[in-house]
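Participant: Give me a model of this one.
(one chain, ligands or ions: 1)
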Amino acid sequence: MKYMGSKNRIAKHILPIMLKYRTPEMTWVEPFVGGANMIDKVEGNRIGADFNKYLIDFWNALKNGWTPPIHTTKEEYYAIKENKENDTKMTLWAGICCSYGGKWFGGWINDYKENRRLQNGRLPNHQTESRNGVMKQLPKIKDVDFVHCSYQDLEIPPSSLIYCDPPYEGTTAYKDGFNHTDFWQWCRDKASEGHIVFVSEYNAPKDFFCIKTVQTNTQLGNGCNTGNQHKLEKLFTPMAAIADKERGLF
Ligand SMILES: C[S@@+](CC[C@H](N)C(=O)[O-])C[C@H]1O[C@@H](n2cnc3c(N)ncnc32)[C@H](O)[C@@H]1O
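Facilitator: Sure thing, here's the model as predicted:
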C-alpha cells in the first residue's frame, strides 16, 4: 500500500539484518504496521497493530474477502470524508488509497476520467494501481493478526521480535502529539523484558545503537511542497549484544 513513511523500498536493506535474530518460534510484532509494507515480506507468526482503526478495519476486511471498489467517484470520496464512521474500511480506502500521495484525505486522485494525459502510452488509473497493490499484498498478509491499539497497550507474546516504525520525530506529517520520550523508554522496557527490539528512525537517544543507515528519497518534510528530500533512514536497537555483532566486534 502506498502509505506515508512506507518501508517498502528500504525493506531489502534492513529486513535481512532483523531476521538474523529471529528464531522460528518468535512472533514478529509491528506496533506501527501502517501500510504493512514490511510485515508483508515476513513469514510465520505475526502481529500488526496500529492506532488507526480505519486501517485495521481495512486490513481485516480484506482478510475476510472484501475487495475495494473498482472506482470511487469524487462525490463518493467527499461524502466518505464527511461521514468517516459509516463504513470504516471505505474511509481508509478513500482517505489513503484514493488520495494524493497517500496523504490522509489529501485530495481525490485525478483518475482516468479526469486526467487525459497519456503515461507510457496509456491513461493512468491511480485507483486501479492502488487496488492492484493491496490485492497483491493480500496473500502475504492473510495470516497476520491485525490489532487496533496504541503501542503501549499491545499484548506481546514472550520473547518476540518487535520492529517499530513510529511517526518520525520532527516530521509534521503526523500531528497526533506522539510522545517520543515515552516511546524510547517503552523500547528499553521491552528489551529488558526479553524481546528483541529494532526501531526505524532518523535519530535516537544516545543509548540506542545505529546498526544500519540507508539513504532515501522522502516526501515527509516540513509540510511545505518542497518535493523529494534525501534522508538517512537508520535502524536502531537498544541491545548492545546485537550492535556488537553487527559492527563485527565478535
Ligand atoms: C511510519 S508509519 C508506518 C509505516 C509502515 N511501516 C509501512 O511500511 O507502511 C507510522 C504508523 O504509526 C501509527 N501510529 C501513530 N501513533 C501510534 C500509536 N501511539 N500507537 C500505534 N500506532 C501509532 C500511524 O497510524 C502510522 O500508521
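Participant: Partner strands of the helix or strand hosting N217 and their direction?
Facilitator: Assigned by DSSP states H and E, N217 falls within strand 209-218. Strand 209-218 pairs in its sheet with strand 229-237 (antiparallel), by DSSP bridges.
Participant: which outside residues touch the partner strand?
Facilitator: Strand 229-237 has contacts (Cβ atoms under 8 Å, 6 or more residues apart in numbering) with 10, 14, 17-18, 191, 196-204, 208-221, 243. Where C-beta positions appear, they are placed from N, C-alpha and C, glycine not excepted.
Participant: Stretch 9-18 now?
Facilitator: Applying Cβ under 8 Å, 6+ apart, the contact partners of stretch 9-18 are 7, 37-38, 41-42, 161, 163, 198, 200, 211-212, 214, 216, 233, 235, 246.
Participant: for that stretch, which positions count as buried?
Facilitator: I10, A11, H13, I14, L15, I17, M18 (16 or more other Cβ atoms under 10 Å).
Participant: Could you do stretch 63-73 as well?
Facilitator: P68, T72.
Participant: Stretch 24-36 now?
Facilitator: Buried, per 16+ other Cβ under 10 Å, within stretch 24-36: M26, T27, W28, V29, E30, P31, F32, V33, G34, G35, A36.
Participant: What's the end-to-end length of it?
Facilitator: From its first residue to its last, stretch 24-36 covers 21 Å (Cα to Cα, to the nearest Å).
Participant: right, quick check: it against the ligand, any contact?
Facilitator: Yes. With Cβ under 6 Å from any ligand atom as the criterion, the ligand is reached by stretch 24-36 at P31, F32, G34, G35.
Participant: Tell me if stretch 150-165 is near the ligand.
Facilitator: Yes. Stretch 150-165 comes into contact with the ligand (Cβ under 6 Å from any ligand atom), by way of S150, Y151, D165.
Participant: Quick one: distance of that stretch to the chain centre.
Facilitator: 15 Å (Cα atoms, centre = their mean, to the nearest Å).
Participant: Ok, stretch 17-33 next?
Facilitator: Distance of stretch 17-33 from the chain centroid (Cα atoms, centre = their mean) equals 15 Å.
Participant: Stretch 238-248 too?
Facilitator: With Cα atoms, centre = their mean, you get 25 Å for stretch 238-248.
Participant: neighbouring contacts of it?
Facilitator: So stretch 238-248 is contacted by 17, 21, 187-188, 191, 196-197, 207-209, 211-212, 237, 250 (Cβ under 8 Å, 6+ apart).
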